[in-house]
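Would you be able to build a 3D model of this:
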Amino acid sequence: MDSFGFEKMQEIQKELQERYRERWGGLSPEKGRSSLLWMITEVGEVADIIKKQGDERIMKDEECRRHFIEEMCDVMMYFNDVMLCYSISPKELEKVYLEKHHRNMDRWKV
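Got it, this is the predicted structure:
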């Protein structure tokens, strides 16, 4: 099975953005600002499920879990839109992510 990573996510987000280009206005830094705000709204919806349904229900109730994952997908879709709007490639994200990870691994040494 192929890995489902940022390359694939951006590929399908580009397809979606292209389909609704006239309605949504295309990809640009200005659009990235709006996408970031929408992403924050979706994060709130994820938090709302946790708050109202609880961890156990998310882990054990199939319908609740599916709804939770769907809202997480909305967050990821907007996150990818922000990346696309600012021309951040998956390779560029990986490089900076790994650099940050290495700094974090040594940041709070015990």
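
Can you list the low-confidence ranges for the chain?
1-2, 110 (pLDDT under 70).

what about 90?
Within the chain, the segments meeting pLDDT under 90 span 1-6, 107-110.

tell me which strands and helices the helix or strand where residue 99 lies is in contact with?
Using DSSP states H and E, residue 99 maps to helix 90-107. Applying 3 or more Cβ pairs under 8 Å, 6 or more residues apart in numbering; DSSP states H and E, one finds that helix 90-107 makes contact with helix 6-19. Glycine gets a C-beta too; all of them are placed from N, C-alpha and C.

next one: the helix it packs on to chain centre, how far?
Offset of helix 6-19 from its chain centre (Cα atoms, centre = their mean, to the nearest Å): 12 Å.

Who are the packing partners of that helix?
Secondary elements touching helix 6-19 (3+ Cβ pairs under 8 Å, 6+ apart): helix 62-85, helix 90-107.

Can you report how many residues lie near residue 50?
Residue 50 has 13 neighbouring residues, counting by other Cβ atoms under 10 Å.

Spatially central, which residue of the protein would that be?
The residue lying closest to the centre of the chain (Cα atoms, centre = their mean) is residue 76, at 1.8 Å.

if we can go back for a sec, quick one, which of the helices and strands packed on helix 6-19 is packed in tightest?
Comparing those by mean neighbour count (mean count of other Cβ atoms under 10 Å), helix 62-85 ranks first with a mean of 17.

Mind listing residues that contact it?
With Cβ atoms under 8 Å, 6 or more residues apart in numbering as the test, helix 62-85 has contacts from 6, 9-10, 13-14, 16-17, 27-32, 35-36, 38-39, 42-43, 45-46, 49-50, 53, 57-59, 88-89, 93.

Now, of the residues you listed, which are buried?
In the contacts of helix 62-85, burial by neighbour count holds for 6, 9-10, 13, 17, 27, 31-32, 35-36, 38-39, 42-43, 46, 49, 58, 88, counting by 16 or more other Cβ atoms under 10 Å.

from the residues you listed, which ones fall inside helices?
6, 9-10, 13, 17, 31-32, 35-36, 38-39, 42-43, 46, 49, 58 (DSSP state H).
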